[in-house]
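1. need a structure here:
(chains A, B, C and D)
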2 protein chains.
Amino acid sequence: MLALDTRYTPAKATKSSKLVEFMPGVELPGFSMPFERDSEVFGEGEPADFAYKVISGVVRTLRVLDDGRRQISAFYFPGDIFGVEIGEEHANSAEAVTTVEIALVRQSALLKRTGENPAAACELWAQTSQELKRARSHLVLLGRQTACERVANFLLQMSGRQNNDESVSLPMSRTDIADYLGLTIETVSRTLSQMERKGAIALLNCKHIAIKRRDALECSEH
Amino acid sequence: MLALDTRYTPAKATKSSKLVEFMPGVELPGFSMPFERDSEVFGEGEPADFAYKVISGVVRTLRVLDDGRRQISAFYFPGDIFGVEIGEEHANSAEAVTTVEIALVRQSALLKRTGENPAAACELWAQTSQELKRARSHLVLLGRQTACERVANFLLQMSGRQNNDESVSLPMSRTDIADYLGLTIETVSRTLSQMERKGAIALLNCKHIAIKRRDALECSEH
DNA sequence: CGTTTTTTTGAGAGCGGTCAATGATGGTGG
DNA sequence: CCACCATCATTGACCGCTCTCAAAAAAACG
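-> Numbering: from 1, shown residues only, chains lettered A, B, ... in the order given. This next block holds a predicted model:
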């Protein structure tokens, strides 16, 4: 029901190539292209020919089980890189959460560069290591936290990635939030409403939330 | 209640140094030392001076919340490396699941080597990347799978890491399994019993399980 | 302004958690 | 070698959080 095969990647390999600063101090030949909302950037199991960097917009990576259950592993914001793989193929799918502009560089070019340039290799490793750290925090959230704690953490996480002081923007749908937090959309919605009733947040509209009292986020009594 | 501060690491820095093959083709000065069951190899927040490799036995890495909730992020078996960090300090604790022998090398030496040797850098990145891949599968398990599926996956995972054909050995306690799977020990125990009743497995003893019918592992009806 | 999609809210059910008791297991000392 | 004790694993009864199903409300879109 969510499967929109709107992806339009016919030109992946035929775009005009220019230099892309893929990581700090690492420029590689590549190109930039737009993806529309909910289109697939790459699919699980597809050959990992390219590495990706978000120029603008938001991307999600996820895995889908046979029966449609989805688990989003991460959201990527402008400047973030994703889709760098050790194996021959992508272990997750990547989709555009919003309209996005994405820079692509050849994975082979990236690996070649890291083979020559220790600083680039270190940077690549640092990126992966950073992702691993995030994934481990995500494990704690999914394995050991209540719905309230998950939503609260999510809001703080999103807040931390934005400069806007006390208003968090949520570019993704409730479905995405739920599939990131291992909950249902109903539980996410109810939890947000409950937080608002307690005065911890204000739902400006469904994509913009003001955090009023951080201490009141963690739900305790009813 | 689980906090055994049995760690005996007084000699971490004063052991006689020899060459350790830390990763394939990467030999570094280091040393090997034993840890007893349930002792701490390193703690969350401690400076990440060393990188570690399991020689024998099993290690767990985990994070503990204020109220005692534990989430185990991974188990490490002989040959596995762990504790390599991008930051100044360890993001997880590491503890001995069984009596273990662990090789230690200085993180600084490892990074210095990867800065000189592209092959070593690539190998380190591959290791981290591999871990990330595992963590992402773990995310799906914790976020989207039922107790039955989690336990079944765990058994298959453990089976896959052992050569013994149809009998899986579980060196860790039920508590460890539960904290890895985001469940309680009661649920783990009940699920295993239920699998046995269905003829999918046989509980030889509480640390040894025979997988009889892989297809029957996934619990469906009652 | 009507249609479709997304979000919110409600009512009820079920899976897994909590609390508690029983049964194994393993280590220790008599 | 066995009795004793401590720890760990299993089982049972019950409860509550989150899911499911359903409908209403709000937002997005043409």
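
2. Could you pull out the buried residues of the lengthiest strand in chain A?
-> For chain A, the strand that runs over the most residues, judged by DSSP state E, is strand A:26-35. By neighbour count, and taking 16 or more other C-beta atoms under 10 Å in any protein chain shown as the criterion, the buried residues in strand A:26-35 are A:V26, A:L28, A:G30, A:F31, A:M33, A:F35. In short, each C-beta sits where N, CA and C put it, glycine included.

3. Repeat that for stretch A:99-115.
-> When neighbours are counted by 16+ other C-beta under 10 Å, the buried residues of stretch A:99-115 are found to be A:V100, A:I102, A:A103, A:L104, A:V105, A:R106, A:Q107, A:L110, A:L111, A:R113, A:T114.

4. before we move on, the earlier item: hey, C-alpha coordinates of the longest strand of chain A in PDB?
-> Below are the C-alpha coordinates for strand A:26-35, written out as PDB (Å, rounded to 0.1, in the frame of the first residue of the first chain):
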ATOM      1  CA  VAL A  26      37.300  14.800  -0.500                       C
ATOM      2  CA  GLU A  27      36.300  15.900  -3.900                       C
ATOM      3  CA  LEU A  28      35.200  13.300  -6.400                       C
ATOM      4  CA  PRO A  29      33.700  13.300  -9.900                       C
ATOM      5  CA  GLY A  30      30.000  12.900  -9.600                       C
ATOM      6  CA  PHE A  31      26.700  14.600 -10.300                       C
ATOM      7  CA  SER A  32      23.600  15.900  -8.600                       C
ATOM      8  CA  MET A  33      20.000  14.900  -9.300                       C
ATOM      9  CA  PRO A  34      16.500  15.500  -7.900                       C
ATOM     10  CA  PHE A  35      14.200  12.900  -6.600                       C
END
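
5. Now tell me what touches that strand from outside.
-> Strand A:26-35 has contacts (C-beta atoms under 8 Å, 6 or more residues apart in numbering or on different chains) with A:7-8, A:11-12, A:15-22, A:41, A:55, A:57, A:96, A:99-106, A:109-110, A:113, A:117, A:119-120, A:123.

6. Now, those that are in helices?
-> If you go by DSSP state H, the contacts of strand A:26-35 have A:A109, A:L110, A:R113, A:A119, A:A120, A:E123 in helices.

7. Quickly find the element holding the residue nearest the centre of chain A.
-> For chain A, the residue nearest the mean C-alpha position is A:F75 (1.2 Å; C-alpha atoms, centre = their mean). Remark: A:F75 resides in strand A:70-76, with elements defined by DSSP states H and E.

8. Next secondary structure element downstream of that strand?
-> Toward the C-terminus, strand A:70-76 is succeeded by strand A:81-82 as the next helix or strand (DSSP H and E).

9. got the contact list for that following strand?
-> Counting contacts by C-beta under 8 Å, 6+ apart, the residues touching strand A:81-82 from outside are A:F22, A:M23, A:A51, A:Y52, A:K53, A:V54, A:V59, A:T61, A:A74, A:Y76, A:A94, A:Q127.

10. is any part of stretch A:157-165 close to DNA strand C?
-> No - using C-beta under 7 Å from any atom of the strand, stretch A:157-165 never reaches DNA strand C; the gap is at least 14.0 Å.

11. Check stretch A:200-214 too.
-> Yes - contact between stretch A:200-214 and DNA strand C is present through A:L203, A:C206 (criterion: C-beta under 7 Å from any atom of the strand).

12. Could you tell me which of the contacts of strand A:26-35 belong to strands?
-> Among the contacts of strand A:26-35, the members falling in strands (DSSP E) are A:18-22, A:41, A:55, A:96, A:100-106.

13. Can you tell me which of those is closest to DNA strand C?
-> Distances from the ones in strands among the contacts of strand A:26-35 to DNA strand C were compared by C-beta to the nearest atom of the strand; the smallest belongs to A:A96, at 13.4 Å.

14. Just the local confidence number for that closest one, please.
-> The predicted local distance difference test score for A:A96 is 98.

15. Look up how far A:G79 lies from it.
-> Plainly put, A:A96 is 16 Å away from A:G79 if you go by C-beta to C-beta, to the nearest Å.

16. try A:T61
-> The spacing between A:T61 and A:G79, counted by C-beta to C-beta, is 16 Å.

17. does any part of stretch A:106-114 sit near chain B?
-> Yes - figure legend: stretch A:106-114 in contact with chain B (C-beta under 8 Å from any C-beta of the partner chain); contacting residues A:L111, A:T114.

18. How far off centre is that stretch?
-> Here stretch A:106-114 is found 23 Å from its chain centre; the criterion is C-alpha atoms, centre = their mean, to the nearest Å.

19. Could you do stretch A:58-72 as well?
-> That offset, for stretch A:58-72, works out to 11 Å (C-alpha atoms, centre = their mean).

20. who's more crowded, A:A96 and A:G79?
-> A side-by-side neighbour count of A:A96 and A:G79, using other C-beta atoms under 10 Å in any protein chain shown, places A:A96 first with 23 against 11.

21. The closest residue to the more buried one other than its chain neighbours bridge partners, please.
-> Nearest residue to A:A96, sequence neighbours excluded (C-beta to C-beta, 6 or more residues apart in numbering or on different chains): A:F35, at 4.2 Å. Listed by DSSP bridges, the beta-bridge partners for A:F35 are A:V100.

22. Where does the prediction get shaky in chain A?
-> Using pLDDT under 70 as the threshold, the predicted model of chain A has low-confidence ranges A:1-15, A:220-222.

23. residues in it within reach of DNA strand D, list them.
-> Of all the residues in chain A, those lying near DNA strand D are A:T146, A:A147, A:C148, A:G182, A:L183, A:T184, A:E186, A:T187, A:N205, A:C206, A:K207, going by C-beta under 7 Å from any atom of the strand.

24. most neighbours, which of these?
-> Of all the residues of chain A next to DNA strand D, the most densely surrounded is A:G182 (24 neighbours; neighbours counted as other C-beta under 10 Å).

25. ok, now how distant is the residue lying closest to that residue once chain neighbours are set aside from A:L217?
-> Leaving aside its chain neighbours, A:G182 sits nearest to B:G143 (3.1 Å; criterion: C-beta to C-beta, 6+ apart). Note on B:G143: its distance to A:L217, by C-beta to C-beta, is 21 Å.

26. And for A:G160, the neighbour number?
-> Here the number of neighbours of A:G160 (other C-beta under 10 Å) works out to 8.
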